[in-house]
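Chemist: A predicted structure for the sequence below; I have some questions about it.
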Amino acid sequence: MQEMNPDLVQVESAHFIGGRYIAGAAAGRDVLDVRRPSDDRVYAGLPVADAELVNRAVQDAWSAFQRSDWARQPPRLRARVLRRWAELVEADAALLAPLEAVGSTRPVRDVLRWDIPYTADLLRFYSELADKHGGEVAATGGASLGMTIAEPYGVIGAIAPWNFPLVMAATKIAPALAAGNAVVLKPSELTPFSALRLAELALAAGMPPGIFNVIQGDGRVAGDALVRHPRIAKVTFTGSTRTGASIMAACAESGTKPVTLELGGKSPQVVFADAPDLDRVARLVADGITGNAGQVCVSGSRLIVARGVAERVIEGVAAAFAALKPGATWDSAATLSPIIRPADARRIDGMVRRTVEAGARVACGGQLLQVVGGGGYYAPTILTGVDADMEAARDEVFGPVLTVQVFDDEAEAMALADHAAYGLAAGLHTADVSRALRCARQLEAGTVWINRYGRSNDFVMATGGYKRSGIGKDLGREAFDANLRHKSVLIDIASAD
Ligand code: NAD
């Protein structure tokens, strides 16, 4: 792909409802400014869906669910549409990649190499599950036949965060659609546009109009109206723990709706003294906290390291940090993403400063970075001498800030790795297989990586949080099952005479 010119990227300031764009006066009165994180320039306005428009989107989805063949057709035909959609997503890279990169923290290079192929493969993965699970026959006596029939819910309300706009949207909608549901998605108001293109491509792939809709707006108005709509049968949400809790309450208040919540984390990377290849470990630790500038739910933000190797690992991480070059998502030389908003860069700085005031030491970083013509950038930071109750070790920073705690034995390592509130992911580095498996069992985390850090590039393994990091699972077969409900049908078998 040629160099990307951010000023030439065009967006639709619209919703996508019933198979078409809704823009202008019909889109709602409130218009939010949408900014480019790389340089903090406003590049588009965004309409806010009010309760009336949300109602229209959900009603359209409900009629499409009832009237189209999406749920009733042989599932392999649904699978065919999803496969075609995946092909269109890949073929659209020249338009989709700049659209994703311009308004997010995702470098265009990475969007082309990773986000778009991942999104397409995710659609393919769930297309393959579409016709593999219809239900079960129950173990009844011979006088009756019992079946559990797997059925879609109807209309699923999906709400996505801003940190990987395409990938997060696809993670929420692909299993829901493959299972035969209709979906109304609300992307983050900070990164709202690539989801619209995804919806347009779904239509082009043959998805009936109204099966996949996108409404725009903030959480307080548009998101809340979506969650509370009586026709929404289930809510699937990825975002912060605080928002997840209020969505759970809204689900309870508006009809005891089931809810999947993928929330925040404060994940440890535990390095034992016998870890193979400490240089490689240091690189993994550094990558685990600087990818997307630390704005990743599973960021390995707490280094828990054996005393004997602590100095060496910290030096290696600091060297990897020093090699990073901050810059715009369209700057091909940049290797450190912007922070989503300058105000968030200042929030990160405040957390670091308060942690230092509480007694922590800055081993490197600890400051805002000035990038010519830039938005908010933050220096990859290492804080040593940290206690579990200090702010940067306790709360999700969502920035490139690594806290360090040192241990003397395995029991202490496990005690430090355990976080009072979060349990999203954890990393273990050790050459001792028994210790790795012992610790993996002990850790209260939804995912444990051993001698690696970060998700793999496929979808076979489910992801989800323990404790306040979430409820339910995304990815894997589990996410497909979570978008189905099961009806029990019992038939008495008439005797022959
Ligand atoms: P956020 O909670 O601020 O917003 C997420 C989404 O919820 C946005 O679309 C927002 O508009 C909407 N929203 C906000 N208030 C709402 C309300 N009251 N009702 C309905 N919708 C509402 O999160 P964010 O800043 O966009 O994303 C960062 C957070 O997401 C971090 O905490 C991160 O750890 C988490 N995250 C988790 C995972 C995971 O898989 N566990 C993945 C990515 C991000």
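Modeler: Received it, and whenever you're ready, just let me know what you need.
Chemist: For residue 146, list each beta-bridge partner.
Modeler: Beta-bridge partners for residue 146, by DSSP bridges, are residue 490.
Chemist: Quickly note the distance from it to residue 152.
Modeler: 21 Å (Cβ to Cβ, to the nearest Å). (Glycine included, C-beta is placed from N, CA and C.)
Chemist: quick one, which of these two is more surrounded?
Modeler: Between residue 146 and residue 152, counting by other Cβ atoms under 10 Å, residue 152 is the more crowded of the two (22 against 14).
Chemist: neighbours around residue 258, how many?
Modeler: Residue 258, neighbours per other Cβ under 10 Å, totals 15.
Chemist: For it, grab phi and psi.
Modeler: The phi/psi pair for residue 258 (degrees, to the nearest 10) reads phi -70, psi 150.
Chemist: so what pLDDT did it get?
Modeler: In this prediction, residue 258 carries a pLDDT score of 97.
Chemist: now the one 4 residues further on
Modeler: Confidence at residue 262, expressed as pLDDT, is 98.
Chemist: Ignoring the adjacent residues along the chain, who's closest to it?
Modeler: residue 238 (4.1 Å; Cβ to Cβ, 6 or more residues apart in numbering).
Chemist: number of nearby residues for the one you found?
Modeler: Per other Cβ under 10 Å, the neighbour tally for residue 238 reads 24.
Chemist: Can you tell me how far it is from residue 175?
Modeler: 13 Å.
Chemist: so what sits against both of these two?
Modeler: residue 474 (Cβ atoms under 8 Å, 6 or more residues apart in numbering).
Chemist: Can you tell me the SS state at the closest residue to residue 159 other than its chain neighbours?
Modeler: Nearest in space to residue 159, with sequence neighbours left out and distances taken as Cβ to Cβ, 6+ apart, is residue 237 at 4.6 Å. Three-state assignment for residue 237 (DSSP: H, G, I helix; E, B strand; the rest coil): strand.
Chemist: and residue 237, what does it touch?
Modeler: 158-159, 243-244, 247, 259-262.
Chemist: any chance of these in TSV, plus neighbour count, secondary structure and distance to residue 372?
Modeler: What follows is the contacts of residue 237, written out as TSV (neighbours: other Cβ atoms under 10 Å; DSSP: H, G, I helix; E, B strand; the rest coil; distance: Cβ to Cβ, whole Å):
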residue	neighbour count	secondary structure	distance to residue 372
158	29	strand	38
159	26	strand	36
243	18	helix	34
244	24	helix	38
247	26	helix	40
259	19	strand	44
260	25	strand	42
261	24	strand	40
262	28	strand	36
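Chemist: which among those gets closest to residue 227?
Modeler: residue 247 (5.5 Å; Cβ to Cβ).
Chemist: Give me the pLDDT for that closest one.
Modeler: Note on residue 247: pLDDT of 98.
Chemist: isn't it right next to residue 258, touching?
Modeler: No. Counting by Cβ atoms under 8 Å, residue 247 does not reach residue 258; the two are 11.9 Å apart.
Chemist: intersection of neighbour lists for the two?
Modeler: Common contact partners of residue 247 and residue 258 (Cβ under 8 Å, 6+ apart): residue 235.
Chemist: okay, now residue 401: neighbour count?
Modeler: Number of residues near residue 401 (other Cβ under 10 Å) recorded here: 26.
Chemist: which element is residue 436 on?
Modeler: helix 433-442 (DSSP states H and E).
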